[in-house]
Structure formats: structure tokens, C-alpha cells
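> Pasting the sequence and the predicted coordinates here, then a few questions.
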Number of protein chains: 2
Amino acid sequence: MAAASSSSTALLRGPTTPLRAHPSRLSLRSHRVRFSTVRASAASAAAAVTSSSPATSSVVDTSVNAIRFLAIDAVEKANSGHPGLPMGCAPLGHILFDEIMSYNPRNPYWFNRDRFVLSAGHGCALHYALLHLAGYDSVKEEDLKAFRQWGSRTPGHPENFETPGIEVTTGPLGQGIANAVGLALAEKHLAARFNKPGNEIIDHYTYVIVGDGCQMEGISNEACSLAGHWGLGKLIAFYDDNHISIDGNTEIAFTEDVVARFEALGWHTIWVKNGNTGYDEIRAAIEEAKAVKDKPTLIKVTTTIGYGSPNKANSYSVHGSALGAKEVHATRQNLGWPHEPFHVPEEVKKHWSRHVPDGAALEAVWNAKFAEFEKKYKEDAAELKSIISGKLPMGWEKALPTYTPESPADATRNLSQQCLNAAAKALPGLLGGSADLASSNMTLLKSFGDFQKDTPEERNVRFGVREHGMGAICNGIALHSPGLIPYCATFFVFTDYMRAAMRISALSEAGVIYVMTHDSIGLGEDGPTHQPIEHLVSFRAMPNILMLRPADGTETAGAYKVAVENRKRPSVLALSRQKLPQLPGTSMEGVEKGGYIVSDNSTGNKPDLILMATGSELEIAAKAADELRKEEGKAVRVVSFVSWELFEEQSEDYKETVLPSGVGARISIEAGSTLGWEKFVGSKGRSIGIDRFGASAPAGKIYKEFGLTVENVIASAKNL
Amino acid sequence: MAAASSSSTALLRGPTTPLRAHPSRLSLRSHRVRFSTVRASAASAAAAVTSSSPATSSVVDTSVNAIRFLAIDAVEKANSGHPGLPMGCAPLGHILFDEIMSYNPRNPYWFNRDRFVLSAGHGCALHYALLHLAGYDSVKEEDLKAFRQWGSRTPGHPENFETPGIEVTTGPLGQGIANAVGLALAEKHLAARFNKPGNEIIDHYTYVIVGDGCQMEGISNEACSLAGHWGLGKLIAFYDDNHISIDGNTEIAFTEDVVARFEALGWHTIWVKNGNTGYDEIRAAIEEAKAVKDKPTLIKVTTTIGYGSPNKANSYSVHGSALGAKEVHATRQNLGWPHEPFHVPEEVKKHWSRHVPDGAALEAVWNAKFAEFEKKYKEDAAELKSIISGKLPMGWEKALPTYTPESPADATRNLSQQCLNAAAKALPGLLGGSADLASSNMTLLKSFGDFQKDTPEERNVRFGVREHGMGAICNGIALHSPGLIPYCATFFVFTDYMRAAMRISALSEAGVIYVMTHDSIGLGEDGPTHQPIEHLVSFRAMPNILMLRPADGTETAGAYKVAVENRKRPSVLALSRQKLPQLPGTSMEGVEKGGYIVSDNSTGNKPDLILMATGSELEIAAKAADELRKEEGKAVRVVSFVSWELFEEQSEDYKETVLPSGVGARISIEAGSTLGWEKFVGSKGRSIGIDRFGASAPAGKIYKEFGLTVENVIASAKNL
């Protein structure tokens, strides 16, 4: 059984590996075993798979040059882009996409595909050239010709939401390697949860190319430290060691021993000294990496940036600019490439043409395997299907806890934990954790253990104090499968450490849930370094991300409903450290509208005064309203503004029912920057907030000193 | 000469080192040599210095326990804080402050003091206890008793702007070690520039304590990679290896080999296995570290968090909470500490009392040395004085370039380079660089070479692709000496990578100049990962930082004037990649007001329409105004809003002259989020901006597609 299983697993990878290229590593026998298994288990696909033909070394050379020139020509036509990396990494790219990786060009989303990430995203012309040769519909010749142009599918950096076949969005350096750690984590987790002896339906590698720039970024060290800790054996990173970055030779700023650092991080390491023409060295390194199961592998591949360009190779000038007509000509001569721009020689086309049928066959084999799995393991299959499809289980939201005004007062971080734990039971794809603040962020899932090297089936992820890596790893998890719902947590102020990753969540439509506690001066004594001020507005201004600040249990549950349902838009939940009462009038439906009336004693949509607030200050607004109604006989409306973005999406009619244009007497109260509130309070209103840094003292004292009090709201109301 | 010089240098460090404690390392002879030098060169100070008495081991034990209990008692009284680190690091703290470091308690700003940074800032009770024992006025007994209370000088994390004796602001993990790299860079740079054979007036060490949390943060790897590259031999970092972080044992998330990683980064490393009681081990390690001149040293000091607490030591429960009355009692019994809270035994007081006279003597010796230096090297001394005092050279701003509307159109990033180069000639303390984008950010100082290991006197700093480390290193440079003016650069969008450091610039009053180019969709083809949208508003909302977006050469020069003069408030300059015309009506005085009238054809402060814009869009506003005046006969005012913060600081009268309250027809145009513009356009106005992510295409095309055009401004004006 075990033996059958392992050969059955093997067939999902590498059946197209050419024999001649590295006979010493892959024996004909093992190759045949794989194919016979294919035939046995998926007869219909067999014909297609066996159409594969081993590459001759001359075809490899031609293919590698075709990749180089597709990239050169695309950059040249755009007169913008980065030809250097594609020229240097073309051999590695060829070997990966033509010989090593399992994928289906006709279905870029086939679940068990190998994942590839170009962390050095500026070299995306390489990736586009490879997708083109492999037969992806998303990158046809006209797409290569429209490189970096308005509306094209070949933007200036790889963007998963523009180009099927691109897994994640890279360009900002270091993000891609951290995404790759997330992809590999997802594979390891799902494999441990769902694979059965004899039916290992989840079994793929994650490959990533990182450049010198990625290596210098702190985020990559964070993520790679975790990859080593978790023993992500199926993560294989290629370090494009070309010694050149934008400012010139890396000697001026980067002289550390990268390989020794990765060894210290618990990685297996290999050095391919000739990445320019040492095809067999590259192949052997990949084989060796695959043989190491308990550690991720870093393969340092020494290449020449701009390889083939007689005057610009090995210089920064080939990094980020088109070569120019003259140098393109010289490079064509130097590499013996007589073809027109964008031309792919027939022999290369023919050679790569097998990937469309082979890919279809791979998927068919896998589908058959999944059908078998489904027959035997119905419940597992249903869970896995939900993860693969992203279809949330029907009625999952009924699992969320409900609260009444009589429920005990509590911090929204604690209420968040109740929601998370309830949701985790209903949502098979929910997993995540904190950057070493689990007991402060209240993010532990009580029904699950820790995701660790030897317990990868568990769902509590321990990120350590690595916020930036955490965010980018969660992006990788989210983009691995539509039904994986990663959440991650730290103090709200430390979103500053991970903002670049959060922005990419938003841009790349990765529905990560950011559980951000200690959301204001209400955290008290830790002081201004720990107290967010400008953070709410900074996320309100970021496109395609939801900033939610719930006020009590009902709103926290509503925030989770919104966050979970927005699978293509990440959410930031700002949660209190301090205890808050359960307020009458709050509702989950209200949260879904972003802003809504919590209480009102006016008639005819004409209150004397509108008080608006979010989160912990909604209580202050409610108390002030009560007093103004009782003592002053005022008609006061209280509006909860839990999410500005959701409110903006409502109809003008709805907005008018909440904020009637005829009512100018409006006061907002929020323990953060007042910037932006003008939008809702208007020119006659007033915003009570904090436009300075916080202070170290007990929370109640700071609230009082900063004027975030019922008394101050009442006084402001009287002054309006 | 060289020999005399070295002994003269030596006297500035460690004259109070106790002999008995580590006789094997520091011979009596060398100790005496130092003192005799003191006497020889500063007779008046000699009496004070010779009052030093070597510590007995019993006094050391008592002192170490006094430190522990001052921290325990402060946290206990506040019922908030982190006792664990101070209890574990008290021996190291004692040795550093009592035996090793040179400082003057009565003048915490004495220029040549050794710098100490507690990167694990949550353990600040340790630092406060040490400052208290050493005799700093800033931390008296009543200050320790007011730990973490409103208005106290002992806030919850170390804050340089609250507590003299604290060098930098830490707490957010990893910042402190990067600050320390900046402090050590500053020392190495200034020493290379100003020291003369026989008169080494700049010569101090930088000590830093980092915890497991700091080690996990990517920023620390970035900064430490640079420290190794630069060979900062006088940087000595202690890694408090206590195996505990907030989530429990570091085994759950942090199993890398830290020491091996630092060796890979080019550091010298030492392991002190018994940091709890191995005083001599600690002393020997420091001596060894000092002997290594060409590399920074990491001393891993294995300690027990909460050492002495019988039930809580070595657990996360002692990390971030008060011990509780019962455990405090048990700890007192366990460590044999019969004293009342906050009591310092007489023998400890007496022992530490020598630091006040010794410190005064050290400074007196140094002052005498400086007087000698000044006599011999007048010009150098004047420059150095400017750096020490922060007094800018008179009329420095006259060095800034001037422009007229006839000056050639240019990108503000290029104009910025002209300003930087001009300013560098007038400002001896200006130094900085880019995160591997010098040729894109245009930040190279042409009159200077690269600051490198062997050319530390130069002023172009090559940070590599390490934005976060760069920002925090610049904070360290800025806070080393009031007259050091560090600048640093990357693409504006990548402020997301370094935002945590920028926030600490703002909070800690470090006047770093952030040169942020490629400030909008105007960068074109690189696409949405590289195009800032929400960044302007996100910095406008951050307290104590100036967000400046100049429109042409005159405004760029004005922005530099503002940035340089704001030494306690950092500035962010958003600069264009694309060429912009020199506009009539712009002025440096206008920039200093933040918002001002650039052109106007109205009378009586009653324009029909006010157009407001910043940076590259001011040209669009100006053109639209011209057309509206010509074609429609309108009275149109154009306002440049280069800095919202500066405008807010102007008088109400001035604001009314720019934005008369009677004029509701207002349009803003800016290539960024419209959020916040309501403040200036009011409820009747309109904001033209970008509330979505950008796109990859030539810049002109994106401007057009996004409606940032003269035509759209005119159409909007007609619709108002």
C-alpha cells in the first residue's frame, strides 16, 4: 500500500522531465514506472501524457534563448522594464517550467499544481515568457507585445489578479519569498489534514526565485526563519546570485554570507556555481533539494545579470532599463539569434507544445484520484472541496455567537476570540495566529493545537515577533486556495511593521483577516509607542481593504461575518484591550451597512444632533446622548460608524436616512486622528479625537486628559 | 605620539572599572596608567576621579539585587510593566553602568558619552533603576514610584524626549538595535572626520541589549547586516537569551541558530553561558569584544527571565505583568532582600555615589581635550561644534539653489538632488543615502564618497534594500548629535516598509529627512505595487511629522529649508519621477506657510473658484485656471497646498486670506486618495484624486484614464 501510494504521488510531478538532460539523476526505470501508473489510473489521459518527448540539448539552448529574447523584446517594445534578470535566469526558468513543474496551462487554477513565485518580481518578463511558451491563454504574443501598457495582461510587475498563471503579486521586494512560505505552509497543512495512505491528493512543491534585493529585506529573514522552523521540505528557493542591484555591485552594501545565514535558519543549502549554462548542475540541485524532506532548500544559483548582452551584462545598467536597439542587436549577434522580435522558433514551439496535453492529463489523473478519495472519505472530501472552491459552508454564520445588552461587558478582543473559535468550527479553512501576542490578541483556537513541523494538521500558527513576514505568509495562504481563510494578529499600532504586506493583501485580493487589538490609548500604560493614533484613517484611505472597529459583541460578530464573506477584500478589525458594555441597538445588519442608527429619539429624520462614534467610543456617545435627551430634552441620534468603506457603498437614500443633509449639528468621537471625519461631520460639525501622540498612564486617566469623555461631548454639543 | 594618543583615548572609558572583580583582565598597572593620565591632563578633576573605589563582590551582589528590586517595586506599584527582563539582566546592567560605561550623570548630553540602548524596551524598569543608582536627576525615587503614570518621567517604554539619559525611543521591537547601529555609525563617521593623531576627541562605544523579540524582527537582521558590512567595531550588542517570549518558550517559533546567523552577517560572537551570576564571564566578554576592532560583537548572554522569583522565573508570566504581592514577598525571601520597596542599601548608594564626580571629571577631561583641539584645528572645531550643538551655520539656506519660471522643467527628484548637494556644502552634519535606489531617488552627494568600512569619513551611505533598517539607523544618527542631519530615500510607496521607524522619528523628535521619490501614478509602468495612493494622507494624519509635496524647484528648495530647520520634527518629501515645469508664483516663503496663493485674478478676496493642488498636480490646476479665466472670464485662485500641517499652524487670519470662508466653490486635485480634502474643499467643493489602486502603463495614459486632467478640472468647475 505504502509503495503504491508513493508511486501514485510521484506521478503528479515531473512526468515531462527530459531523460537525456540528466540521465544520472532520473533513471529510465523510475520514469517508466511513473508513466505506467498514469496509464493504470487514468487511462484516458495516458495518450496525452506519453506524448512527452525528451529535450535535446540543442532544443534546450534554443528554448533558453527564446525566453531571453521574448523578455528582451517585450521590454524593448515597452521601452520600460527589467531585462537583466530574465536573461540571467532563463536557464533556470526553462528547467523549472519545461522539466520540473506540474501544471495545467489550460487551467491555471488546478488545485494540485506546483506553485511558482518570482519574488524578484521586476523580472516578470521571464515569467510571462514562460507562461507564453507553456501555452497559457493569459499570455499570448499580443500580450507580450502589450507589456506594461494600459489594460494589458502583462503589467510591470506580476499581478495575480491580472494574469492567470501568476500566483501572487510581487515587486515590492521580499514579499514573494514570504508568500512562498505561506503557499508551502498551506500545502503542508492541507496534506497533513487530508491525505490518506494510498491517496495523497495534496502533494505539490513551491518554487520561488529570490534576488539580492529580496535577501536584503528583513521580511525575507523573518519568513525564512519560520520556514526553517516549520521544516517546509517542499519549499525550494532559488537565490539568483548575480551580484548586481540597482546601485551597482552588491559589494557596496551586501557582503554577508547568505548561504551561512540560511543554514543558521535551518535550511538545506546548495550552490550552483554556473547558473548561466550549467543546466545539469541546476537539475541536480533540484533533485537534491527534493530529496531533503524535512528542511526547505536554498539553491544559490550564481548567474550573470543580462547574460548575453556583450556590453551591458554584469552591470546595473541592464537591471532596470531596456537594452536599447543597438545593444539588442549586439545581443542577437552574440547569442546567435537571427529571429525577428517575439519570434519563437518552430522547434521550441513544438517542444513546449506537449505541456497543454500533459497538463490536462495531470489534472485528469488528479480528478480521478479525487473522485476515488471522495468515494472513500465523504466528509473529508466535502471539507476539502469547500477549501478548493472557496464556497463557504451554508449557514456558517449561524455559528457566530450572539449577544444582548444583558451579556457581560467585555473587551472586543475577548469577544473576537469567541467569534474566532465559533467560526473555526464552521469554517474548515480558517487558520492563523499571532506575532507572539496570542494571549494578548486572544487569537488561540481552543479546539486545535499548534501548526508545527510535526503537527502540521493543526491550525494555530505561531508566527513569533515577525509581523511583516506574518502578513505576507497569510497572503500566500489565502492565495493558495480560495477557501483558506488566514487570520493574523498583533497590536494595532504594529500594523506599521506589516503595512507593505497588508497593502498587497488589498491589491492582490487576498482576504486575510487582520485581528488588531489594543486599538487606541485605551491600552494605557504601554504608552505612545504602543498607542495607535493615525492608523484608522491610514487604512480607511487604503483601497480595497475594510477597516472595521466594532463597539461590542454584536458588532464584533458582525465584523467577523463581513470579514469572512469578503474573500477578495482583506479586513482589519480594530479591537479594544479594555472592557466595553454590550450596547442596546447594535446589530450585525448595521455592521454590514458600515454606519447605522444605534439609538434615536427624533422624529421625521430631523434630530437636533447626530453623535457618531466607533468602537470603544460608541459607549461615550450613547451615554452623552442619554444625558442630552434627559437633561436638555434634545432629539439626539447616535450613529455607529463601524466601517466607513461599507457605509460609502450604500445608496444615497440610505445615507440620507442616517445622516440627513439638513442636520448640520454633528459630533464625532473616536480615540484616533480626526482627519477625514470632516466628510461626515461636515463644515458645521465637530470632531473629538486625538491629533497628538498618546501617553503612558492608566487608560481612564488618558481618556480624561485627552477629552474623550461624556462631559466633553455634552459641552461640545452645547457649543455647536 | 601614537602611544600617548592611545592612553589618552583610553582614559575616556572605564576608569571606574573595579579591580577586584576581574583582576585577570584589567591589570592594576593599566588602571593606574589611566588615572595618572587623568591627573596629568585635567588636574582639577583628578580628586573626583580618584574617589573611585573598586567593588567588592558582596557589594556587586547587593547592587544587582537592588536593581532587581527597584524594577520589581516600580512594576508592582504601577501594577503594570515587565519585571522579567530587569530581573534577568540586572547583572549585565550593573556591570555596564557601574564598571564599563563612560557617562556623566549630571550632563546626560555630554557629547562623548558611551551610548546605551535597551532595544528590548519593555524592560525599561532596568534602565530607570540604573539611571537612578548612577545619580541622574531624571530618575529620582519619586520617579520610580510614578512608573507608567500620567506626566511621569518614567513612561512604560524608554522615551528619549521624556527622560534625559535615555538615548532613543524603544519598545517596538527591533528598533533599538537598528538605532544602535546608527549611533555607532555616527561615532565611526565623526571619529574618522575629526579625530587627529594625539587628539581623538570622538571615541565612545555603543552598547545595546536585544531580546528574543528583537532578534525575530526583520529590521534587526537588516541593520545588523549593515553593521557587519560597515565593520562597526565599537558596537557591542548583548543578546538576552532567556528563551521566553510572550507566547511562551521560544521553541514554538524561534529555533534558528542566532549566533551562527550573526557570524554570517560578519559579526564577532561570544557566548556567556551564565548571565545570571557569571559576572566575570560578562566582564571577560566585554573585554574581548573591545579587543575586536573591525567587527561589531554579539554577546549572547544566557539568562533566566525573572531570575529570583521562585514560582515565576523562566516563564512567560513574569514577562509582562507585575509579580503580585505574594510573589514579590517570595522573591524577597528567596534573594534575601529584607528591605522596604524602593529602598537602596547604604553600601550600594555609597558605591554608586562615585559616578557623579567621576562623570564630571570625565567631561572636564574631555572639555580640556576639546579646548586643545580647538586651538590647533579651528575650522574642524567649528564644524564639530555645529554638529554637537545643532546650531545650523548662519545663512546656510543661502546655499540652496534658486529657480525662476524660466529655469528648465525638471523632475522634483532631480531638483531635490540639486538642493541636497548644495545643502551638503553648507551643512557639516548632512549625510545619508538610499535603499539601493540612489540613481532613481537622486540622492548621491557628488562632493563626497561612500561611507564604508574603510572610508567612514565619507557621507554617502549605501543602505542596500533595507528600508526599515535605514529609517531606524537614521533615527540613531539624528539622536547621536543634534547637528547630524540624516536623510534617507526610497520610492514613496515603500514608506510602507519603514513606517514603524518613521513613526518613531516623529515621536522621538528625530529630524530625519525622508526623500521619497516616484510619488504617484506619475511613475508609470511599474504599476500599482509601486504607485502610492493613500500615503500622503497617511502621513498627514501622523503626529509631529511634516508631509511636504513640492511642485517645482522653488518649492523643493523651500521644502528643504523647512526640513533642515525642523530638527525636532522629521519631514517627508514627496517628489516626482516625471518632469514638471517651474511655475510662476511659487515661493519658498509660501512653502513655509504650508498653503499659499500661487496665482489669482480675483479682487477683494472673493474669487469665483479656488483650485488647490500639491506637487505635480499644481501644474494642472494652474493650466485649468488660465483657461477658466480666459475662456469663461472667471476669477480663479490657485492655491498650492505643499504641507497641510504647516498651513494648520498659521493664524486664522492668514487662513482666511487663502481660503475665504465665503467661497464655497473649491476644487482640489491631487494624484492620491481624496480622503481628508473635505477639510479644505468643504461640503460644496469637489476633490479630484485617486481612490483606487493605480495601473501599469505610461504615466500620461494613467493620468488621462484616471481623470487627472485640465479638462476634468474645467468640467468639474462648470458643474460646481
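That came through, no problem.
> And the helices in the stretch 551-700 of chain A?
In the stretch 551-700 of chain A, the helices defined using DSSP state H, counting those that start in this stretch lie at A:553-565, A:588-593, A:618-632, A:644-648, A:652-658, A:678-681, A:699-705.
> got these as JSON lines, with distance to chain B and mean pLDDT columns?
All C-beta atoms are positioned from the backbone trio N, CA, C, and that covers glycine. Below are these laid out as JSON lines (distance: least, Cβ to the nearest Cβ, whole Å; pLDDT from 0 to 100):
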{"stretch": "helix A:553-565", "distance to chain B": "20", "mean pLDDT": "98"}
{"stretch": "helix A:588-593", "distance to chain B": "20", "mean pLDDT": "98"}
{"stretch": "helix A:618-632", "distance to chain B": "19", "mean pLDDT": "97"}
{"stretch": "helix A:644-648", "distance to chain B": "9", "mean pLDDT": "98"}
{"stretch": "helix A:652-658", "distance to chain B": "14", "mean pLDDT": "98"}
{"stretch": "helix A:678-681", "distance to chain B": "4", "mean pLDDT": "96"}
{"stretch": "helix A:699-705", "distance to chain B": "5", "mean pLDDT": "98"}
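> Dump the ones you listed into JSON lines; add mean neighbour count as well.
Below are these laid out as JSON lines (neighbours: other Cβ atoms under 10 Å in any protein chain shown):
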{"stretch": "helix A:553-565", "mean neighbour count": "26"}
{"stretch": "helix A:588-593", "mean neighbour count": "19"}
{"stretch": "helix A:618-632", "mean neighbour count": "20"}
{"stretch": "helix A:644-648", "mean neighbour count": "19"}
{"stretch": "helix A:652-658", "mean neighbour count": "14"}
{"stretch": "helix A:678-681", "mean neighbour count": "20"}
{"stretch": "helix A:699-705", "mean neighbour count": "18"}
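> any chance of these in TSV, with distance to residue A:78 too?
Output for the helices of the stretch 551-700 of chain A, formatted as TSV (distance: least, Cβ to Cβ, whole Å):
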stretch	distance to residue A:78
helix A:553-565	38
helix A:588-593	43
helix A:618-632	51
helix A:644-648	34
helix A:652-658	42
helix A:678-681	39
helix A:699-705	54
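> Can you tell me how far the residue in the stretch 201-350 of chain A that chain B sits nearest to is from residue B:219?
In the stretch 201-350 of chain A, the residue that lies nearest chain B is residue A:218 (2.2 Å; Cβ to the nearest Cβ). Distance from residue A:218 to residue B:219, counting by Cβ to Cβ, to the nearest Å: 5 Å.
> Near chain B, which residues of the stretch 201-350 of chain A? Just list them.
Proximity of the stretch 201-350 of chain A to chain B, by Cβ under 8 Å from any Cβ of the partner chain, involves residues A:212-214, A:216-222, A:225-226, A:228-229, A:245-247, A:250, A:252-261, A:263-266, A:316.
> Can you tell me which helices and strands whatever helix or strand residue A:86 lives in packs against?
Take DSSP states H and E as the rule and residue A:86 turns out to sit in helix A:84-94. Where contact means 3 or more Cβ pairs under 8 Å, 6 or more residues apart in numbering or on different chains; DSSP states H and E, helix A:84-94 is packed against helix A:57-78, helix A:124-134, strand A:235-241, helix A:279-291.
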